[in-house]
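[1] here's a sequence, model it:
(2 chains)
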Amino acid sequence: TACTTQTQTQIDRDPKQPGAMAGEKGLVLLDFWVSPFGQRVRIALAEKGLPYEYAEEDLMAGKSDRLLRANPVHKKIPVLLHDGRPVNESLIILQYLEDAFPDAPALLPSDPYARAQARFWADYVDKKVYDCGSRLWKLKGEPQAQARAEMLDILKTLDGALGDKPFFGGDKFGFVDAAFAPFTAWFHSYERYGEFSLPEVAPKIAAWAKRCGERESVAKSLYSPDKVYDFIGLLKKKYGIE
Amino acid sequence: MAGEDELKLLGTWASPWVSRVKLALHLKGLSYEYVEQDLDNKSDLLLTSNPVHKKVPVLIHNGKPICESVVILEYIDEAYGTTGPSLLPTDPYERAIARFWVDYIDQKLVIPWKVAFTADGEEEKTEGIKQMLAVVQTLEGALKECSKGKPFFGGDSVGYVDIALGGLLAFLQGTEELCGTKPFDIANTPLLLAWVERFTALDAAKVALPDVTKLVEFAKTKRAQMALSIKK
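    Presented below is the predicted three-dimensional model:
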């Protein structure tokens, strides 16, 4: 299947595949190749220099026993297993990594107010981007136009929040950057379905996306915008959407 | 640093999200100025403090606003780390579990509750009730897992999950009248029933939670108003 090929590509390019440095820290990540939520965790683990075993869940084929055991409540990836104990929900996993590995480079700042700002914007990305983006490619007519208007508003808001800083974290790549960076691979699809140009709508976000793409943690975790676009095509077929 | 430490909370009396923040502030022994908001006529202070969502609660600490109840709770715990009890556990894995259940409550409980509350059709309402009760059943299991036989999700003392669920208590206690079903019962959710008794007896709960009768009346009025405006 197309997804097995993707998985193989991932295995071929990732030297940290099972067997190599897998599980030195007892970390196993249950994930799905194109998931932006899983990619957040991959980026965070890379930024922190934490070795882990990557375990692909072929979600197009259904949910494995392993996944259902690890996340019985939501039955979703990503799941991070640490010495066999599961942590679920991508932003909760990111915060767990902060707490459990305090000697590794931190994604959250140390000041409580700055941390609150970071959590606020990561929550904003979580609440808004994926759902609105999905409506862009799932819907037609008036509902799609509404989704388009919302997406532009979301991107402009994030553009304003970023301001003139190189990263949401300031000078350093941080929590919000890790939370939002996977969606940079989806911008191309949002632009095509929403018929807009990101550099026109949110120029700072467009520049930020390029900056993120230059980081090894992001480049190694994301798939190309074209692959994401093709994946959306696959999803539409699966859901019977024209 | 010398000087006053000023806390201001923008809220509405009925909001469970605001109740959460009140609970946390009270448990930490923190004094604050409460400013009731009119959401039909939003104040400049609210709009400048929360331009993104324009919602309550907003906690303003020495002039700096923090928004979203869950973000505010974590902020209070971190900014006042040495004041009063800790709201979150210290162990990293237990912190992750606590965050997971708070996220679960926010993701899964509210929507079916609203459906059960506002649904016109019998089928839709029944489905909302069914989903809500399934979520409550899962929370019963969560309480068992987190409390390990102790009184609260947080163990011996009230913690993050207790506060997150506790904020919703007045609505939960009004659920039978508002949605047509008891959320908790001795057969299915004995632990949660006992937890409700314990939680409502807390001083913090008496201060932070609205009166159930007043809330039920208010919710019914709102529902009738919304129904009227839709029909127009």
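
[2] now the strands: where do they sit in the chain?
    Since you didn't name a chain, this refers to chain A. A:27-31, A:53-56, A:79-82, A:85-88 (DSSP state E).

[3] wrong one, I was asking about chain B
    For chain B, the strands defined by DSSP E cover B:7-11, B:33-36, B:58-61, B:64-67.

[4] and the last one, what's buried?
    Think strand B:64-67. B:65-67 (16 or more other C-beta atoms under 10 Å in any protein chain shown). Just so you know, the C-beta spots here come from the backbone N, C-alpha and C atoms, and that holds for glycine as well.

[5] what's the distance between the nearest residue in space to B:Leu139 that is not next to it in sequence and B:Tyr104?
    Among residues not flanking B:Leu139 along the chain, B:Leu192 sits closest, at 6.5 Å (C-beta to C-beta, 6 or more residues apart in numbering or on different chains). In this view, B:Leu192 and B:Tyr104 are 14 Å apart by C-beta to C-beta, to the nearest Å.

[6] and the chain, what are its domains?
    By default, I'm working from chain A. Here the domain parsing of chain A from the TED database is A:27-100, A:112-239.

[7] nope, chain B please
    Annotated domains of chain B cover B:7-79, B:92-220 [automatic domain parsing].

[8] redo those as CSV? Include mean pLDDT.
    As requested, the domains of chain B are exported to CSV (pLDDT from 0 to 100):
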stretch, mean pLDDT
domain B:7-79, 98
domain B:92-220, 96
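
[9] could you dump these to a markdown table with distance to A:Arg69?
    Shown next, in a markdown table, are those (distance: least, C-beta to C-beta, whole Å):
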| stretch | distance to A:Arg69 |
| --- | --- |
| domain B:7-79 | 27 |
| domain B:92-220 | 15 |
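
[10] and those: which comes nearest B:Ser86?
    Closest of the domains of chain B to B:Ser86 is domain B:7-79, at 6.4 Å (criterion: C-beta to C-beta).

[11] single out the most deeply packed of the domains of chain A.
    domain A:27-100 (a mean of 20; mean count of other C-beta atoms under 10 Å in any protein chain shown).

[12] that one: how far from the chain's middle?
    Centre-to-centre, domain A:27-100 and its host chain are 11 Å apart (C-alpha atoms, centre = their mean, to the nearest Å).

[13] which of the buried residues of strand B:64-67 come close to chain A?
    Restricting the buried residues of strand B:64-67 to those touching chain A (C-beta under 8 Å from any C-beta of the partner chain) yields B:66-67.

[14] and of the buried residues of strand B:64-67, the nearest to chain A?
    B:Ile66 (4.8 Å; C-beta to the nearest C-beta).

[15] so what's the closest one up against?
    Listed by C-beta atoms under 8 Å, 6 or more residues apart in numbering or on different chains, the contact set of B:Ile66 reads A:113, A:116, A:120, B:58-60, B:72, B:75.

[16] now swap in A:Ile154 and tell me
    A:128-129, A:132.

[17] try it again with 6 Å
    A:Lys128 (C-beta atoms under 6 Å, 6 or more residues apart in numbering or on different chains).

[18] where's it relative to B:Gly84, distance?
    Taken as C-beta to C-beta, the span from A:Ile154 to B:Gly84 is 37 Å.

[19] any idea how far whichever residue of chain B sits closest to chain A lies from B:Ile60?
    Residue nearest to chain A within chain B (C-beta to the nearest C-beta): B:Pro92, separated by 3.6 Å. From B:Pro92 over to B:Ile60 the distance is 30 Å, taken as C-beta to C-beta.

[20] and what of B:Ala219?
    From B:Ala219 over to B:Ile60 (counting by C-beta to C-beta), the distance is 28 Å.

[21] enumerate the residues of chain B near chain A.
    Selection of chain B residues close to chain A by C-beta under 6 Å from any C-beta of the partner chain yields B:64, B:66, B:68, B:71, B:75, B:78-79, B:92, B:95-96, B:99-100, B:103.

[22] near chain B, which residues of chain A show up?
    A:87-89, A:92, A:96, A:99-100, A:112-113, A:116, A:119-120, A:123.

[23] need those residues in a markdown table (columns: pLDDT).
    Listed next are the residues of chain A next to chain B as a markdown table, based on pLDDT from 0 to 100:
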| residue | pLDDT |
| --- | --- |
| A:Val87 | 98 |
| A:Asn88 | 97 |
| A:Glu89 | 97 |
| A:Ile92 | 98 |
| A:Tyr96 | 98 |
| A:Asp99 | 98 |
| A:Ala100 | 98 |
| A:Pro112 | 98 |
| A:Tyr113 | 98 |
| A:Ala116 | 98 |
| A:Arg119 | 98 |
| A:Phe120 | 98 |
| A:Asp123 | 97 |
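
[24] identify the farthest-apart pair in these.
    A:Asn88 and A:Tyr113 (27.9 Å).

[25] leaving out sequence neighbours, find the closest residue to the residue nearest to the spatial centre of chain A.
    Per C-alpha atoms, centre = their mean, the C-alpha nearest to the average position across chain A is that of A:Pro36, at 2.6 Å. Residue nearest to A:Pro36 in three dimensions, not counting chain neighbours: A:Pro182, with 3.4 Å by C-beta to C-beta, 6+ apart.

[26] any idea how far chain B is from the one you found?
    Remark: distance between A:Pro182 and chain B (C-beta to the nearest C-beta, to the nearest Å) = 19 Å.

[27] I figured that residue hits A:Val41, correct?
    No. Using C-beta atoms under 6 Å, A:Pro182 makes no contact with A:Val41, being 9.7 Å away.

[28] where do the contact lists of those two overlap?
    With C-beta under 6 Å, 6+ apart, A:Pro182 and A:Val41 have no common neighbours.

[29] give me the number of residues near B:Gly121?
    Look at B:Gly121: counted by other C-beta atoms under 10 Å in any protein chain shown, it has 8 neighbours.

[30] check contacts around the residue of chain A found nearest chain B.
    Nearest residue of chain A to chain B (C-beta to the nearest C-beta) works out as A:Asp99 at 3.6 Å. Neighbour list for A:Asp99: B:92, B:95 [criterion: C-beta under 6 Å, 6+ apart].
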